[in-house]
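>>> Sequence plus predicted model, see below.
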Amino acid sequence: MAMRLWNLEETAAFLKLEEKEVMALATSGELRGIPQGNRMLFDPEEVDAWYSNRLIRRLPVHRKKPPRTGEAYAAPRLSLADYCRLETMDPALPAKTRPGVLRELTAMAERAGLLYDPAEFLEELQKREEAASTAMAEGIALVHPLARDEYICQEPFLAVAHAQNPVFFGEPNGIPTDLFFLLCSPNPEEHLQILAELCQRAETPNFLQGLRNAHTPQEMLDVFRQNPLKYSITC
């Protein structure tokens, strides 16, 4: 489902940047803007993908701002474990190629009853990886669909799979990937919160090693429940 374009104010609010900073990004060509008369518009999916790439590559994105007076926060406070379930934990993924990994991850989400249209979901995963690999230097990949709307998934979720054999998934330095996280939320802010926390967790060796050492879905789920980090989703 196509999304309407964002104006400068909406884009700045999503990225938590000043409007003049967003204009500078658009003027330099780093973030694609669409001129319309005397206004600059932005494609939400492109802005989201740009933001996601910055998080995955650990490049600076924005300065944290204090909430404005009267700004609401969604409840409840969630941890990564709240998005996980046993059906979406796989300690022995058999796939040996990137296309195979994407098919297996989609099938796992489909079996858990989380997808409206598995074929469309798989296509969006493929588009995202073609745009830029989600693989990181720690041997992990933060897989997610390129486009998201209210019909992309039944509910927000996080799936995890450990490959029996590392896969060359597109990490810029050629580092193979063995741990795959599949995340999906139709809410862009929630999606980026989950992505940001996973990037933070990737810097915790015990977390990644715990998932790699797990032999059962329950053991993988238990890793998420140990000392969970919590965050709130801003609206």
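That came in fine, so what should we check first?

>>> Could you use CA atoms for every contact and neighbour count after this?
Fine.

>>> wait, what's in contact with the residue positioned nearest the centre of the chain?
The chain has residue 195 as the residue nearest its centroid, 4.4 Å off, counting by C-alpha atoms, centre = their mean. Counting by C-alpha atoms under 8 Å, 6 or more residues apart in numbering, residue 195 makes contact with 52, 55, 142, 183.

>>> quick one: the third one and residue 177 touch, right?
Put plainly, it is residue 142. No: checked against C-alpha atoms under 8 Å, the pair residue 142 and residue 177 is beyond contact range at 10.6 Å.

>>> Can you give the contact residues for stretch 149-156?
By C-alpha under 8 Å, 6+ apart, the surrounding residues in contact with stretch 149-156 are 1, 83, 113-117, 121, 183-187.

>>> Can you tell me the closest non-neighbouring residue to residue 48?
residue 188 (7.1 Å; C-alpha to C-alpha, 6 or more residues apart in numbering).

>>> separation between that neighbour and residue 150?
From residue 188 across to residue 150, the span is 11 Å (C-alpha to C-alpha, to the nearest Å).

>>> now this protein, which segments are flagged as low pLDDT?
For the chain, the stretches with pLDDT under 70 are 1-3, 58-77, 227-235.

>>> Where do the strands of it begin and end?
34-36, 39-41, 78-79, 89-93, 140-143, 157-167, 177-184, 230-231 (DSSP state E).

>>> so what does the third one touch, helix or strand wise?
Helices and strands touching strand 78-79, as assessed by 3 or more C-alpha pairs under 8 Å, 6 or more residues apart in numbering; DSSP states H and E, comprise strand 230-231.

>>> give me that answer again for 6 Å
Helices and strands touching strand 78-79, by 3 or more C-alpha pairs under 6 Å, 6 or more residues apart in numbering; DSSP states H and E: there are none.

>>> That one pairs with which strands, parallel or anti?
Paired with strand 78-79 in the same sheet, following DSSP bridges, are strand 230-231 (antiparallel).
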